[in-house]
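Participant: Give the three-dimensional model of this entry:
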Amino acid sequence: LKSHHNKKEGIMLINSASHYFEEFFKSLTAATATCNEAVESVVAHLLENSKAGKKVIVIGNGGSAAIAIHALLDYAHAGGLKTIDFMSPAMLTCMANDYGYENVFARPVKLFAKEDDVLFAISSSGKSPNILKACEAARFGECYIVTFSGFSSDNPLRKLGDVNFYVPSNHYGFVEIAHQALVHCILDIFVERTKQKKC
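Facilitator: Modelled structure (predicted):
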């Protein structure tokens, strides 16, 4: 079994399932070791601004797009939050055709995002131009930005959020699974805090 990336050749050999999960848990532990304060900050923002009807926007490419779409459903269904989907085929192809693929998320952010809406920007590399441009548009619109990245520790996305989650791994699978776990962690804590407030 081969992974997608390593630091030099882009390939890391995995000897067995136990080796795979051993390496994954190293990455996950490193990514989450100091994340309590960051998660609490995001949850607090969601709790405060959901009352005002603020939206959650989640964007990503490829595997990160799958995480984003899953998050939009869960945050709406389980969390009761307003979400908006910028990744429908009609939206994506319209924006790509009219504004170029680098603006497929930035343009909808400019059109639909409001102050204090939450943007989750997910990119394994932290270098995707369309994700970076969306963050710039969201910053201009005074949104609350949460980034999820991996690979290089100095990737540009990691510098653009109000809160920045980083997975120290060059393995696509490890980064994507850790991002999925972090997104779920935020939601699950938000749901629990919402229940506590109602008691």
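Participant: any idea how far residue 133 is from residue 148?
Facilitator: 17 Å (C-beta to C-beta, to the nearest Å). Placement of C-beta: from N, CA and C, glycine included.
Participant: For this structure, just list every one of the strands.
Facilitator: Secondary structure of the chain by DSSP state E: the strands cover 55-59, 82-84, 118-122, 144-150, 163-167.
Participant: related to what we said a few turns ago, tell me which of residue 148 and residue 133 has more neighbours.
Facilitator: residue 148 (32 against 19; other C-beta atoms under 10 Å).
Participant: Give me the most central residue, the protein.
Facilitator: residue 122 (3.4 Å; C-alpha atoms, centre = their mean).
Participant: and residue 123, how many neighbours does it have?
Facilitator: By other C-beta under 10 Å, neighbour count at residue 123 equals 28.
Participant: residue contacts, it?
Facilitator: Contacts of residue 123 were listed using C-beta atoms under 8 Å, 6 or more residues apart in numbering, and they are 60, 61, 64, 131, 147, 148, 149, 155, 157.
Participant: Output the residues you listed in CSV; the columns should cover distance to residue 141.
Facilitator: Output for the contacts of residue 123, formatted as CSV (distance: C-beta to C-beta, whole Å):
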residue, distance to residue 141
60, 19
61, 21
64, 21
131, 16
147, 16
148, 20
149, 21
155, 23
157, 17
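Participant: what's the single longest helix in this structure?
Facilitator: helix 172-198 (DSSP state H).
Participant: Next, the angle strand 55-59 makes with it.
Facilitator: For helix 172-198 against strand 55-59, the angle by axes from the mean of the first three to the mean of the last three C-alpha atoms, to 10 degrees is 170 degrees.
Participant: Buried residues of helix 172-198, list them for me.
Facilitator: Residues of helix 172-198 classed as buried: 172-180, 182-183, 185-187, 189-191, 194 (neighbour count, 16 or more other C-beta atoms under 10 Å).
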